[in-house]
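# Sharing a model that was predicted from the sequence below.
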Amino acid sequence: MIFTSFSTTIISIAAMAGVAIASNNLIINPMGLPCSPSNSQGCSAGIKGWNNDNDFIYDCGSSGVIDAYEACSCKGCCHVDPDLGLEC
């Protein structure tokens, strides 16, 4: 009975370690996320867990998904400048 509990514990620890290792390979960024209107640019307040939740500027492609972006180094700083366009 002790052997069964010990084996179950070892298997559980190995499974948790595998999940932790696999989750490090996840790359979260704005590329490919839905956006609107198509063929436009915009500012976003950030994505939880990416770029320290800072803002980013994006290009919304013709298919309604983000096809380019630029990360900002601040929160709440992305805005439209009449002369320069979008900036952080």
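Nice, thanks for sending it over.
# Now do the strands in this protein.
Along the chain, counting by DSSP state E, strands occupy 40-44, 56-60, 66-71, 79-81, 85-87.
# which parts of the longest one are buried?
For strand 66-71, a neighbour-count test (16 or more other Cβ atoms under 10 Å) marks 66, 69, 71 as buried. (Glycine included, C-beta is placed from N, CA and C.)
# what are the pairing partners of it, and which direction each?
strand 56-60 (antiparallel) (DSSP bridges).
# contact partners of the strand it pairs with?
30, 35-44, 46-47, 66-72, 78, 86-88 (Cβ atoms under 8 Å, 6 or more residues apart in numbering).
# how about 7 Å then?
With Cβ atoms under 7 Å, 6 or more residues apart in numbering as the contact definition, strand 56-60 has outside contacts at 30, 35-44, 46, 66-72, 78, 86, 88.
# what comes up buried for that strand?
Judged by neighbour count (16+ other Cβ under 10 Å), strand 56-60 contains these buried residues: 56-60.
# Out of these, which is nearest to Pro82?
Nearest to Pro82 out of the buried residues of strand 56-60 is Ile57 (Cβ to Cβ; 15.8 Å).
# is the closest one in a bridge, and if so with what?
Cys43, Glu70.
# now it: how far from Leu33?
Separation of Ile57 from Leu33 (Cβ to Cβ, to the nearest Å): 13 Å.
# And the closest residue in space to Ser73 that isn't next to it in sequence, what's its pLDDT?
Spatial nearest neighbour of Ser73, chain neighbours left out: Asn54 (6.1 Å); criterion: Cβ to Cβ, 6 or more residues apart in numbering. pLDDT for Asn54: 95.
# in terms of contact, does Asn54 touch Cys78 like I think?
No: under the criterion of Cβ atoms under 7 Å, Asn54 makes no contact with Cys78, lying 8.9 Å away.
# Give me the neighbour count for the nearest residue to Trp50 once chain neighbours are set aside.
Computed as Cβ to Cβ, 6+ apart, the closest residue to Trp50 that is not its neighbour in sequence is Ile28, at 4.7 Å. The number of residues packed near Ile28 is 11, by other Cβ atoms under 10 Å.
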